[in-house]
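Trainee: using only what follows, build the 3D model:
(2 chains)
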Amino acid sequence: MREITYLEAIREAMSEEMRKDKNLFLIGQDVGAYGGEWLISGDMYNEFGDWRVQDAPISEQTIVGCGIGASITGCRAIIEIPFNDFLPMCMDQICNQAAKFHYMFGGQISVPIVIRSAYGGFTTAGEQHSQSFEAWFTHVPGLKVVVPSTPYDVKGLLKTAINDKNPVLFFEHKMLLSVKGEVPEEEYEIPFGVADIKKKGSDVTVIATSYMVSKALNVANKMEKEGISIEVVDPRTLVPLDKEAIINSVKKTGRVVIVHESCKRGGIGGEIGCMIAEECFDYLDAPIKRIGGKNTPIPFPSALENYILPSENNIEDAIKEIISN
Amino acid sequence: MYGTMLKIRIFEETIAKSSRAGEMEGFLHPCIGQEAVATGVCLSLNEDDYITTNHRGHGHMIAKGADIKKMAAELYGRITGYCKGKSGSMHIADINIGVLGANGIVAAGIPLATGAAYSIKLRKTSQVAVSFFGDGATTEGTFHESVNMAAAWTLPIVFIIENNNYLVGTQYRRVCNIENLSDLSKGYNIPGVSLDGNDVIAVYQAAHKAVSDARSGKGPTIIECKTYRWTGHHLLESEDIPYRPKEEIELWKKKCPIKNFEKFLLKENIINEEDINKIKKETYALIDEAIKFAKDSPVTKPEESLEDVFA
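Mentor: Residues are numbered from 1 along each chain as shown, chains lettered A, B, ... in the order given. Model (predicted):
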């Protein structure tokens, strides 16, 4: 099977869907002639023209509002916010408008927008360009939250997101953009709420999201040689969450480590951990472990970043702790 | 024109009375005194044109053609309301007549209307979008972002500033360096006009021109309609809060848009006293019917509040 990068997979997903619907458009800063701040949209401008690959002013709140307004009047918008650190600029339109409309207006209107945003650290970009805010949006009913970890997943999930009638927050990790992976030529979609068991195992369940999935897999492969069998579960979507897959895995292994890049306090590790405690407490042979970034802003030097953000050593230590329990 | 303004006035007065009597829950922000703005602007629009409005949105909705039975039912928390009785006054929408919602967040409707205008241009139809908002909204960033975007891209939109002098309890000149808010248009290189928002004909004429310009591809206009609200910011605001001088309120009540238009119609012999009484009687009956419909409708059940989170 051919291999393409995560970035190319995103571009393919958008282009394929935009070829089918002339009222689907992409809007964001520099998505047009520049090709996108992460070079994701590339040459889409040449194919679709400037009304459908629209360079926006630096007005995040209004870019989102414009996308919503267009999407409730016969068009559909893919909104690119180049760093998720800028999402606080548009919280009203995302949380008070897009998330609410279908409920608030009695089912009259749905908001079929996708807000795509690059997130995460390990790029020495400093405190205001390295964060991961996915957890915030899981706390607003009416939003779907997607955190793909591979080129295959990102393409299938983005096509589903574009065709979903509801607002979707789609988080693309910067460190994954250049990662290559197998992606079929034929079109496909991946449904929301279906986790992927990235590696089957029997001793410990490691639930990991986005860039942390590859770290978890590295640890799993290493520990396999030491005779410890790790199952790596990638939820792929946080809302809706595949509770069944998580619970089935925990019932099998009895031990669980949850790892996400965003800081531990208030991260989705708490939500998933509590859910596990509520639903399968009797199956647990050890306390639930959570790994997240330290509760600090993220400094720019790579040595400091690597200290603040979760590492493979952190994952390995957590697993060893609960194995010995 | 006259009938619409009367409908708005009587609807607002009736539900205000019901609210004060404890018959309904939720916040109300009546637009009593401001009827000419909604009426004059909406008269220049087609059914498939879009509007967004704000927390003081009943007038705009009625003028755009909303079903007052469904509006009343919504205020009374009934399942037959526009929003299944779950949202109340500030969140009513009617997508079939292009009302993209009232909005409880000041200035939130402005980017939404801008997006509707973008959609119109992308789909290449001859529709227009109008955004209604107050003087306070012009101090929000989204107002400026939206006007800039609409001006830069020549979007088919008209921005209506309904200046009733007060941002809730703050006189607008305390927080704005401009007397005529339509002058904000100069910063965006688009036309702007300020006028007497209680003169329904003047409002209509300005709106008609701006809407035609938008429709024919000339881009956006800002229209400032100077008006005044007779009640507090919200219905249950205490009259003891001294932010508005009583003389000021009385002065503006003398400039009632409905009474003034009535005088004009009588003077020009367009209608007579008998016609006026007939219209008033019919309007009262219409509103009474709407309230009865609301009161007779089933109350939305708690379990029904779990529905419609996602489409």
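Trainee: identify the residue nearest the residue nearest the centre of chain B in space, chain neighbours excluded?
Mentor: Closest to where the C-alpha atoms of chain B average out (C-alpha atoms, centre = their mean) is B:His60, at 3.3 Å. Leaving out its chain neighbours, the residue that sits closest to B:His60 by C-beta to C-beta, 6 or more residues apart in numbering or on different chains is B:Thr53, at 4.1 Å. Where you see a C-beta, it was placed from the backbone N, CA and C, and this is true even at glycine.
Trainee: point out the other helices and strands that the host helix or strand of B:Glu145 packs with.
Mentor: Using DSSP states H and E, B:Glu145 sits in helix B:141-152. Where contact means 3 or more C-beta pairs under 8 Å, 6 or more residues apart in numbering or on different chains; DSSP states H and E, helix B:141-152 is packed against helix A:60-71, helix B:109-123, strand B:157-163.
Trainee: with mean neighbour count and mean pLDDT as extra columns, can I get these in a markdown table?
Mentor: Shown next, in a markdown table, are those (neighbours: other C-beta atoms under 10 Å in any protein chain shown; pLDDT from 0 to 100):
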| stretch | mean neighbour count | mean pLDDT |
| --- | --- | --- |
| helix A:60-71 | 30 | 98 |
| helix B:109-123 | 28 | 98 |
| strand B:157-163 | 29 | 98 |
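Trainee: related to what we said a few turns ago, the residue nearest to B:His60 - how many residues pack around it?
Mentor: 30 (other C-beta atoms under 10 Å in any protein chain shown).
Trainee: gap between it and B:Val211?
Mentor: To B:Val211, B:Thr53 is 16 Å away according to C-beta to C-beta, to the nearest Å.
Trainee: could you pull out the strands for the stretch 101-250 of chain B?
Mentor: For the stretch 101-250 of chain B, the strands defined by DSSP state E, counting those that start in this stretch occupy B:129-134, B:157-163, B:166-167, B:170-171, B:192-196, B:221-226.
Trainee: how about the residues of the stretch 1-150 of chain A that lie near chain B?
Mentor: By the rule C-beta under 8 Å from any C-beta of the partner chain, the part of the stretch 1-150 of chain A lying against chain B is A:23, A:25, A:51-52, A:56-57, A:59, A:61-62, A:64-75, A:77, A:92-93, A:96-97, A:100-110, A:141-142, A:144.
Trainee: buried subset of those residues?
Mentor: Neighbour counting by 16 or more other C-beta atoms under 10 Å in any protein chain shown classes A:23, A:25, A:52, A:56, A:59, A:61-62, A:64-73, A:75, A:77, A:92-93, A:96-97, A:100-106, A:108-110, A:142, A:144 among the residues of the stretch 1-150 of chain A next to chain B as buried.
Trainee: and stretch A:128-142, how far out from the chain middle?
Mentor: 10 Å (C-alpha atoms, centre = their mean, to the nearest Å).
Trainee: repeat that for stretch A:198-208.
Mentor: 19 Å.
Trainee: can you show me the CA trace of stretch B:139-155 as PDB?
Mentor: Extracted C-alpha coordinates of stretch B:139-155, given in PDB (Å, rounded to 0.1, in the frame of the first residue of the first chain):
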ATOM      1  CA  THR B 139     -17.500  48.200  21.500                       C
ATOM      2  CA  GLU B 140     -16.900  44.400  21.000                       C
ATOM      3  CA  GLY B 141     -14.000  43.300  18.900                       C
ATOM      4  CA  THR B 142     -16.300  41.100  16.700                       C
ATOM      5  CA  PHE B 143     -18.100  44.100  15.400                       C
ATOM      6  CA  HIS B 144     -14.900  45.600  14.000                       C
ATOM      7  CA  GLU B 145     -13.600  42.200  12.800                       C
ATOM      8  CA  SER B 146     -16.900  41.600  11.000                       C
ATOM      9  CA  VAL B 147     -17.100  45.000   9.300                       C
ATOM     10  CA  ASN B 148     -13.500  44.800   8.200                       C
ATOM     11  CA  MET B 149     -14.100  41.300   6.800                       C
ATOM     12  CA  ALA B 150     -17.300  42.300   5.000                       C
ATOM     13  CA  ALA B 151     -15.800  45.500   3.600                       C
ATOM     14  CA  ALA B 152     -12.600  43.700   2.500                       C
ATOM     15  CA  TRP B 153     -14.600  41.000   0.700                       C
ATOM     16  CA  THR B 154     -17.500  43.200  -0.500                       C
ATOM     17  CA  LEU B 155     -20.100  41.000   1.200                       C
END
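Trainee: in what helix or strand does residue 278 lie?
Mentor: Looking at chain A here, since you left the chain open. helix A:268-280.
Trainee: was after chain B, sorry
Mentor: helix B:273-296.
Trainee: check B:Lys263 too.
Mentor: helix B:257-267.
Trainee: rewinding a little: quick one: name whatever helix or strand follows the host helix or strand of the residue nearest to the centre of chain B.
Mentor: Secondary structure from DSSP H and E places B:His60 in helix B:58-64. Once helix B:58-64 ends, the next helix or strand along the chain (criterion: DSSP H and E) is helix B:68-75.
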